Every structure is written in structure tokens, then in C-alpha cells.
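Student: Let me see the structure of the following:
(2 chains)
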Amino acid sequence: MSTAQPQLYKSINSILEDLTEQSRVLSDRLKLFQAVGIALIVVYFILFVFYFLRKMRHADIALASAHQETREILDNVSDGFFLLDQDSHISSQYSRATENILMRSDFAGQNFFDVVSAIFPVEKIRDSIKLYIEQLHNPRIIEKLIQKLNPLRKVSAQLSNDGSEGDLKTLSFNFSRVVESGSIQKILVNVRDITEITRLEQQLEAEREQSNELAESVTQLVQTDHSLMQQFLQHTLDVLTNINFILKQPQNNPEELREKARLIAREIHSIKGESSALKLSGITHRAQVFESLAKLLTDKEILSGTDFLGLTIKLEDLLSHVQHIREWYDQIRGNTTAGNVSTTTSGSDLSLFFSGFVHEIAQRNHKQANLFTFGLDKVPQDKESFVALKEIMIQLLRNAVVHGIENGVQRQQSGKDVGGMILCGFEQHDRSARLLIQDDGRGLDFDAIRKKAVAKGLATSAQVEAWDKIQCLKVIFHPGFSTAPTNTEDAGRGVGMDIVKANIDKLNGRLSIRTRSAQLTRFTIDFPEFFGE
Amino acid sequence: MSMHRLMIVDDSNIIRKKIERETSSLINFDVVTVALNGQDAVQKFQEFRPDVVTMDITMPGMDGIECIQQLVAINPEVNILVVSALSDEYIGLKAMSYGARGFINKPFRTEELLEALHALVSQ
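Tutor: Numbers count the residues shown, from 1 in each chain, chains lettered A, B, ... in the order given. This next block holds a predicted model:
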């Protein structure tokens, strides 16, 4: 038993040593595996990071390149482009042309409506554009079916970047929805400067209009009495030349300038009356525009020489139009000797001319009026007196229709015939002559004259109350006086009676007026030395 | 293809006839009634239950703007196309804000009207 025991211990020790050795080897192997595993993980991680960084770098380069491309597009595109978010704030990126077109450079983040208000200081435009953008965000609205309601489709604006008055530009804004995942996220705005296109369109339109007017005029030129037309065209060219002369006179004093504008307005008024009577709408329209411009100047508070530039341009247009018509007329009539005015207008020609004139004005003013004439064949053919006399008749006949004759309903209520009656006659007694123009209308409205005199600042309310009828009659000859409420082709600019007065003075005549309320107005003009020695 | 019931609202006989004539070529539209003004339209809207309406704005009595509000109150899903000669965009935009879905100007071309009606029922 005692020899066996150490042997056993020895065996056990040996086994234990073997086991220890084995476990050490195993442990070493495990450690090696572990180290290799960790090393592999580290390598994999390094590779992954490297790959990821590389990918990110590529993405960055691609992004930068895309960004660069976007920038290049936005810098070089000729239209203005920007996005509006849900609150209508302008995107941080926008095309460079936006700045050039709108002449400012601080758009990013700005509220679009504030920008619109700065460009178009009109409340209505701001309200309309707000409502329009709201509708674009409303998914029930069909985008293409509201494009015609875009208030900024074609708008004019005075733009500058230095606070000066700036150039007048015509701009066109277009808005379209940017839809993402089925919902309207943003609005893309495209703005274009269409000034040049618009100018060309207007030019084309004007040319088209001019050829229409010329075609219309040709019909009139053929139908109208030859001598009347010749006299009119010559007289018109004379007046326009005179206006040109007046325009060229140097004046600096504001009062002199105002008088100059007044004189021009009066001169052109006579042309307008005659061309309207002859149905030459091209001349009438241009004369009307010219007269309105001249009248604007007479009413302008501060007047300078440069204010007349607009008139000079319009005068050139009018003059070239009349010259055009004159050339056409000469071609039609085979008359190439400009200035050779025939003075053989007969009384019946004048009667026809004025009858047509009265009818046309009545029609335009929704009235009926008939003209009865006598003695017009005795109207002298001498050019100067004829032109002056015709001018007086035109103005007084126009006033008779516009101010005297009532409309059909009013006439019926007053127990009169629906059609008004106007009389125009000329009488000769030895060396003297008498012109009579009478209408059976409402008579002169003295209250309206008094009110207008106050409104025009010609007298105070207290003063006009004390006025008798003579004083009221005097004021209607004041330059710029008219009782018509609005400006039309026929009345309202307050030029008319002063032309009558100027022509009566020119012919050394005396005017007397008789008027009875709701019954008649009669102008009698006596020319004591009309036929001279 | 579903059939759409169209009501034409316009005080002008010429325009009513024009729309009626031009929509007759559309096989999916049936003009169920016409109205001469706003009041007439509201009454006929309840009677005929159209799902598409062409609406003038300027009419005697109840105008198009008020009429749109009343029609939308009765049926919020109604498809209203404003057909009007407007000088002021603001009025047209007001009509949209009250529930109309689109606008065409008078005078209009046949294709314009037909395209608008098609867009109205397909979107």
C-alpha cells in the first residue's frame, strides 16, 4: 500500500502536468485566434472607413459639381427664376438675371409680397397677387385654368437701383406649382423683361391701326366734297405748322409756358372739330390725344420747357399722319400741287357738311337732332374769313347738340319732339353780315355755369351768387371753361367758346346771346364791315 | 366613363346657346339645365343636381360671385368654371377663393371651353 501510493501521486501529477500543458497550448491557440480575429476586424474596419470616406468624398465632389452646374445655369439663364416656399419667402438660390431684371440684389429670404409692393406700389396689385398665390396653393384649383387671372402676367414698372426715377419696363411673371409626393410644396416663379417685345407689338399694332385708319380715310376722302377736304387738309397743315412754331418759341416763365399750352390746346381743338365732322377718325383721335396732353400741361402746377417734349412727339405723329392723308388724297384726286386750295365750296356743300356733322355728334351723344340752314350759299369764299366763320359754326353747332339739345326722353317729358331742331343761317345786308345759330334745347344753365366757375377757381361762391346773366355769359368764354362733366371727343376740355370769341374778334364781329330755359338758345353774331369796301 | 351633368349660367342668350352647342359634341357631358342669373341658378342647382357648372360673373340680380358661394354651400364638390369677360383679375380670383376651380375669358374658342371642361372633371 505504501509503495503504491507514491506511484499513484506520480501518475496523477503526470496527468495534471499533461493536462496543464494541453490547456496552455489550447489557450495559446485561442489567444492566437483571438488576436487574428481582432486584427481581421480592425483591418475590415479600416477598409470600411476608407471605403466610406472615399464614397463620401465622391458624393461631395458630385454634389459640389451639381451645385456648380446649378450655379452656372442660374448665372447664365436670361430669365429670372426663384422659388417661393409655403409662406411666400424667396429661396436662397435664384438666377442672376432676377437681379438684373428687377434691379435689386437682396432677394434671398425676402417675402415676395414685400418685393412686389416695392416694385408696384399699388395696393390692388399686392392684394391680387396674394390671392393668386393662395389659389396656386389650393389643390382644388386647376393650375392652367387660372393662368389668365395672374395679375403680374404683363405689368409695367419704373425700376432703378439708385433711387432715381428709372426706366419704364414691361415685365412678365409666371408662376407654376412644384409638386412633391403629391402635394404642392413650392411655387416656381419665372420673371421676364418683355419691354422690347411689347414695344415691337405696340409698333405693329400702331402700324396696323394706321393702315386701317388710312383705308377708312380713303373712303371718306372719296366721298367728301373736294373743296371742303382740300381746305381742311391745307388748314390743318397750316395750324400744325403754327403749333410747331409756337412749340419752338423759347419761354421760361411758368405763366408764359402755361399760356403757350393754352394756345396750343385751342389751336388743336379746331382741327379736332373739323376732322370729326369729316369722319377722319385717325386725325380726330390723334388731335384728341394731343389736346388732352396740352390741357394736362395747362393744369400742371409746376411747368417747365421739358414738359412740352411729349407734345412735340405727338405733333410729329399728327403731322406725318396728315401729310400721309394729304398725299393719298392728292393721288386719288390726281392733284399734285400741294397748297392749291380751291375756294369754290357751295352753300349746299356747307349745308350737307354741317348736317352730317350735327347728325354724327347727336348719334355719339345718344340724341336726335336735325339741322336747318339758310343763306349758307352767301358765305364768302375768301379763305381767311371762311375758315374763321366755319370755325365759329363748328363750335356753336357742336355746343348746340352736346349742351343744348336734350335726349329723347327729356324732350318728350318737356312736351317737345324727340328730335331737336337746330338752325344755322347767314344773312348779308350791304356790307354787314349776320350769322345765326339757334337750338330748341334746354337753354343755358346759369346755375351750372356758376358752379363750374367756382370749381374752376374763377370766382368765389359769394361772388357768383351776385352774378347776373351777363356776367355768367362772359365767363363761358374764359379759356378752359366747360360745364361738361367729362372729357369726350365732343366736349369737356373747355376749349370751344374761346375759339368762337377769338374768331369773332378776328372778323371784328359782335355777339349777342338769347336764351330761354327749356326753350331755346340763340347766338347772333353781327359783322358790320364783313364785306368791306 | 361617367356622365357629367352640366348647368350653364349666363344672362346672355347667345352665350348660353354657344356653350350648349359646343358641348353637344362631348359624349360625357349632358346639359341638364340653363339659368339666366344667380337666383335662377341656385334654384335649378337644387332641382337638377348638376356636377359641373359654367358661371358668368356679371349678371342682373344675384351675380356669379354670390351664386358660387351658394352653390358650394349646397355641394362643396361641385366643379365650377367661370366663363366671363373680366377687366379685373381680382374678381376672378375672388370667385376661385369662393370655390370655383377655373376660369376662361369671354370671348373664348371652342377648344378652350372643351379643354377646360375636360380638365375640370379629370383632375
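Student: near chain B, anything from the helix or strand containing residue A:114?
Tutor: Element membership for residue A:114, per DSSP states H and E: helix A:112-119. No. Helix A:112-119 stays clear of chain B (Cβ under 8 Å from any Cβ of the partner chain), getting no nearer than 13.9 Å. (Each C-beta comes from the backbone N, C-alpha and C, glycine too.)
Student: for that helix, packing partners?
Tutor: When contacts are defined as 3 or more Cβ pairs under 8 Å, 6 or more residues apart in numbering or on different chains; DSSP states H and E, helix A:112-119 packs onto helix A:123-137.
Student: what sits up against the helix it packs on?
Tutor: A:84, A:86, A:88, A:112-113, A:116-117, A:120, A:141, A:143, A:146, A:149-152, A:155, A:175, A:177, A:184, A:187, B:89-90, B:93-94, B:96-97 (Cβ atoms under 8 Å, 6 or more residues apart in numbering or on different chains).
Student: now with 6 Å?
Tutor: A:88, A:113, A:116-117, A:141, A:146, A:150-151, A:175, A:177, A:184, A:187, B:89-90, B:93, B:96 (Cβ atoms under 6 Å, 6 or more residues apart in numbering or on different chains).
Student: can you state the direction angle for that helix and helix A:112-119?
Tutor: Helix A:123-137 and helix A:112-119 are oriented at 150 degrees to each other (axes from the mean of the first three to the mean of the last three Cα atoms, to 10 degrees).
Student: just the strands in chain A please.
Tutor: Along chain A, counting by DSSP state E, strands occupy A:80-84, A:90-94, A:155-159, A:167-180, A:183-193, A:369-374, A:420-429, A:432-439, A:510-516, A:520-527.
Student: about what we covered before: only whichever of the contacts of helix A:123-137 are buried, select them in PyMOL.
Tutor: The PyMOL selection below is limited to those of those classed as buried (16 or more other Cβ atoms under 10 Å in any protein chain shown):
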select buried, (chain A and resi 88+113+116+141+146+150+151+175+184+187) or (chain B and resi 89+90+93+96)
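Student: Of the strands of chain A, which is nearest residue A:316?
Tutor: Evaluated with Cβ to Cβ, the strands of chain A place strand A:167-180 nearest to residue A:316, the distance being 20.3 Å.
Student: Residue A:39: how many residues sit nearby?
Tutor: Each residue near residue A:39 was counted by other Cβ atoms under 10 Å in any protein chain shown, and the total is 10.
Student: Distance check, the residue in the stretch 51-200 of chain A positioned nearest to chain B against residue A:377.
Tutor: The stretch 51-200 of chain A approaches chain B most closely through residue A:145 (2.7 Å), counting by Cβ to the nearest Cβ. Per Cβ to Cβ, to the nearest Å, residue A:145 is found 67 Å from residue A:377.
Student: So for these two, which sits in the more crowded spot?
Tutor: Between residue A:145 and residue A:377, counted using other Cβ under 10 Å, the more crowded position is residue A:145 (22 against 14).
Student: Next up, the contacts around the more buried one.
Tutor: Residue A:145 touches B:102-103, B:116, counting by Cβ under 6 Å, 6+ apart.
Student: Least confident secondary structure element in chain B?
Tutor: Here the helix or strand of chain B ranked lowest by mean pLDDT, DSSP states H and E is helix B:13-23, holding a mean of 89.
Student: Each with direction, which strands does the helix or strand following that helix pair with?
Tutor: Using DSSP H and E, the helix or strand that follows helix B:13-23 towards the C-terminus is strand B:29-35. Strand B:29-35 pairs in its sheet with strand B:4-9 (parallel), by DSSP bridges.
Student: Report the angle between the strand it pairs with and helix B:13-23.
Tutor: Interaxial angle of strand B:4-9 relative to helix B:13-23 (the same axes, to 10 degrees): 160 degrees.
Student: Pull out the buried positions in strand B:4-9.
Tutor: Buried-residue list, strand B:4-9, by 16+ other Cβ under 10 Å: B:4, B:6-9.
Student: For these, give me a markdown table that also has pLDDT.
Tutor: Below are the buried residues of strand B:4-9 laid out as a markdown table (pLDDT from 0 to 100):
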| residue | pLDDT |
| --- | --- |
| B:4 | 95 |
| B:6 | 97 |
| B:7 | 97 |
| B:8 | 97 |
| B:9 | 96 |
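Student: Would you check which pair of these lies furthest apart?
Tutor: Pairwise over those, using Cβ to Cβ, the maximum falls at B:4 and B:9, 15.5 Å.
Student: For the closest residue to the residue of the stretch 51-200 of chain A closest to chain B other than its chain neighbours, which residues are in contact?
Tutor: Spatial nearest neighbour of residue A:145, excluding adjacent residues (Cβ to Cβ, 6 or more residues apart in numbering or on different chains): residue B:102 at 2.7 Å. Counting by Cβ under 6 Å, 6+ apart, residue B:102 touches A:142, A:145, B:81, B:116.
Student: Max pairwise distance over the residues you listed: which two?
Tutor: The largest separation in the contacts of residue B:102, counting by Cβ to Cβ, is between A:142 and B:81 at 8.9 Å.
Student: okay, now residue B:99: neighbour count?
Tutor: 21.
Student: can you count the residues close to residue A:99?
Tutor: Residue A:99 has 15 neighbours, counted by other Cβ under 10 Å.
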